[in-house]
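Peer 1: Sharing a model prediction with you, sequence too.
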Amino acid sequence: MSGHDTPIPMTASQSGPLSGVAEIPGDKSISHRSLILGALSVGETKITGLLEGEDVLDTARAMRAFGAEVTQHGTGRWSVHGVGVGGFSEPADVIDCGNSGTGVRLIMGAMATTAMTATFTGDASLRKRPMGRVTDPLALFGAQAYGRKGGRLPMTVVGAADPRPVRYTTPVPSAQVKSAILLAALNAPGETVVIEREPTRDHSERMLRGFGARLSVERTAEGNQITLLGRPELVAQTVAVPRDPSSAAFPVCAALIVPGSDITVPGVSQNPTRNGLYTTLVEMGADIAFENPREEGGEPVADLRVRFTGALKGISVPPERAASMIDEYPVLSVVAACAEGTTVMRGVKELRVKESDRIDAMARGLEACGVRVEEDEDTLIVHGLGAGGVLGGATCAVHLDHRIAMSFLVLGLAARKPITVDDGAPIATSFPIFEGLMQRLGASLRRA
């Protein structure tokens, strides 16, 4: 089973200026979807820039288990010989998705409208996360799911033998839920309609069209209405995965709080459904230049030049921006701790059901480092101490959450006393080169 048997404590200490070029790995969301859509296509999909973190490697193994031929040809270079829509074969063993909520939910969707049975599990963190938000709409297609109390893994999904199209309004803004339904709709006859009141990341819509699906998006009074015509023949593609804006957030935010820093982060996705953090940082007074804007792999990208100014100010982040930066709130709260004034983050209750309860994890860790925090079910408020004002000196629990671990290590680079995380091993799920990349920029980061 995927997981981390031996914790790896890590410590970050006050650093000198960060400088150089941060070559961020490929986008995790697009990497998952490249493998899954490649497996559902006819022909050979060629992928460059694939993120080779544990989450994505678990999805690659899952696609092999469902009958696709998935091959690595070198760092970031992969190919997938697909089996076509409805062509999945029943896996012979349990599908272990490790730490990846995206992986397990999208794969459940992809197999839910094919007559087969598959059992899914994951690590201790993933087994705590609710799956009902996906299995409930998949049941409308005719699929059945049997899991632990509260709709949790391990879970067995029985695919629909006679799937039917559905019309579904997502109850919470979730690209995972939307994407699972769209993947299920591929093997259902007729038109499936998904309505989301608040737009979420649109990688699935972009990529489905790129692979040949008949999909339209219309803005209506109800929200975004996404319509997909089932039973297409998806055609293999060449996919260039852009660099992950969620991973880029860590060196970017580190440069903004470590005095004298000046770094470049090339080729970062600027998809408007993913760039809420960067909009927020600029509003706080961050010096970020978006250079050489261009399109790669169907996604807008730019090179980021990031410089420390020491003049960050707390702001109120609009709740409607949450969907475009939901994974970045932990590291934003670190920047907020180093800013002048109060930063208010509302509309963030989705953080409660991520790899950990991220609101609670960040609040407790920040408090241990001397930062005053307020929270409720849907809100996180951080009272900033200004540049150089965070005391640090704490050991922070990460709860098997890669983003919590990286966020507190970033804070340690600017705090007056070192900050230790109890386990840095989960970082490998999304950003396996984080430690070395940050050290090359000049970060004082070591395994405790």
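Peer 2: In hand now; what should we look at? Residues are numbered from 1 along each chain as shown.

Peer 1: buried sites along stretch 166-183?
Peer 2: Using 16 or more other Cβ atoms under 10 Å as the test for burial, stretch 166-183 gives 166, 168, 170, 173-183. Where C-beta positions appear, they are placed from N, C-alpha and C, glycine not excepted.

Peer 1: likewise stretch 314-332?
Peer 2: Burial within stretch 314-332, assessed by neighbour count using 16+ other Cβ under 10 Å, is assigned to 314-315, 317, 319, 321-332.

Peer 1: where's that stretch relative to the chain centroid, distance-wise?
Peer 2: 14 Å (Cα atoms, centre = their mean, to the nearest Å).

Peer 1: Quick one: mean pLDDT over it.
Peer 2: Stretch 314-332 shows a mean pLDDT of 96 in the predicted model.

Peer 1: Same question for stretch 355-373.
Peer 2: 96.

Peer 1: Let the chain start at 167 from now.
Peer 2: Sure, I'll start numbering at 167, so the last one becomes stretch 521-539.

Peer 1: C-alpha coordinates for that stretch, CSV please?
Peer 2: The C-alpha trace of stretch 521-539 is given here as CSV (Å, rounded to 0.1, in the frame of the first residue of the first chain):
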residue,chain,number,x,y,z
GLU,A,521,-5.8,15.7,3.0
SER,A,522,-6.3,17.1,6.5
ASP,A,523,-8.5,19.7,8.1
ARG,A,524,-6.3,22.4,6.7
ILE,A,525,-8.0,25.2,8.6
ASP,A,526,-7.3,23.5,11.9
ALA,A,527,-3.8,22.4,11.0
MET,A,528,-2.7,25.8,9.9
ALA,A,529,-4.4,27.6,12.8
ARG,A,530,-2.7,25.3,15.4
GLY,A,531,0.7,25.5,13.8
LEU,A,532,0.6,29.3,13.4
GLU,A,533,-0.5,29.8,17.0
ALA,A,534,2.5,27.6,18.1
CYS,A,535,4.7,30.0,16.1
GLY,A,536,3.4,33.0,17.9
VAL,A,537,0.8,34.2,15.3
ARG,A,538,-2.8,35.1,16.4
VAL,A,539,-5.4,33.3,14.4
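
Peer 1: Now do the buried residues in it.
Peer 2: Buried, per 16+ other Cβ under 10 Å, within stretch 521-539: 521-525, 527-532, 534-537, 539.

Peer 1: who are the neighbours in contact with the closest residue to residue 507 other than its chain neighbours?
Peer 2: Using Cβ to Cβ, 6 or more residues apart in numbering and skipping the chain neighbours, the partner closest in space to residue 507 is residue 480 (3.5 Å). Counting by Cβ atoms under 8 Å, 6 or more residues apart in numbering, residue 480 makes contact with 450, 502, 505-510, 548-550.

Peer 1: could you dump these to TSV with distance to residue 178?
Peer 2: Compiled in TSV, the contacts of residue 480 are given as follows (distance: Cβ to Cβ, whole Å):
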residue	distance to residue 178
450	22
502	18
505	19
506	22
507	25
508	25
509	21
510	26
548	19
549	22
550	19
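
Peer 1: so where does residue 244 fall, helix or strand?
Peer 2: Per DSSP states H and E: residue 244 is located in strand 243-247.

Peer 1: Then residue 339?
Peer 2: Using DSSP H and E, residue 339 is not contained in any helix or strand.

Peer 1: For residue 517, see how far away it is.
Peer 2: Distance from residue 339 to residue 517, counting by Cβ to Cβ, to the nearest Å: 12 Å.

Peer 1: And for residue 379, the neighbour number?
Peer 2: Per other Cβ atoms under 10 Å, the neighbour tally for residue 379 reads 23.

Peer 1: Quick check, it in contact with residue 400.
Peer 2: Yes - using Cβ atoms under 8 Å, residue 379 is in contact with residue 400, at 6.5 Å.

Peer 1: I'd like the mean pLDDT over the strand or helix carrying residue 371, please.
Peer 2: Using DSSP H and E, residue 371 falls within helix 369-376. In this model, helix 369-376 has a mean pLDDT of 95.

Peer 1: Output that helix in PDB with nothing but the alpha carbons.
Peer 2: The C-alpha trace of helix 369-376 is given here as PDB (Å, rounded to 0.1, in the frame of the first residue of the first chain):
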ATOM      1  CA  HIS A 369      -8.700  21.300 -17.000                       C
ATOM      2  CA  SER A 370     -11.200  18.400 -17.600                       C
ATOM      3  CA  GLU A 371     -13.300  20.500 -20.000                       C
ATOM      4  CA  ARG A 372     -10.300  21.700 -21.900                       C
ATOM      5  CA  MET A 373      -8.700  18.300 -22.200                       C
ATOM      6  CA  LEU A 374     -11.900  16.400 -23.000                       C
ATOM      7  CA  ARG A 375     -12.400  18.700 -26.000                       C
ATOM      8  CA  GLY A 376      -8.800  18.200 -26.900                       C
END
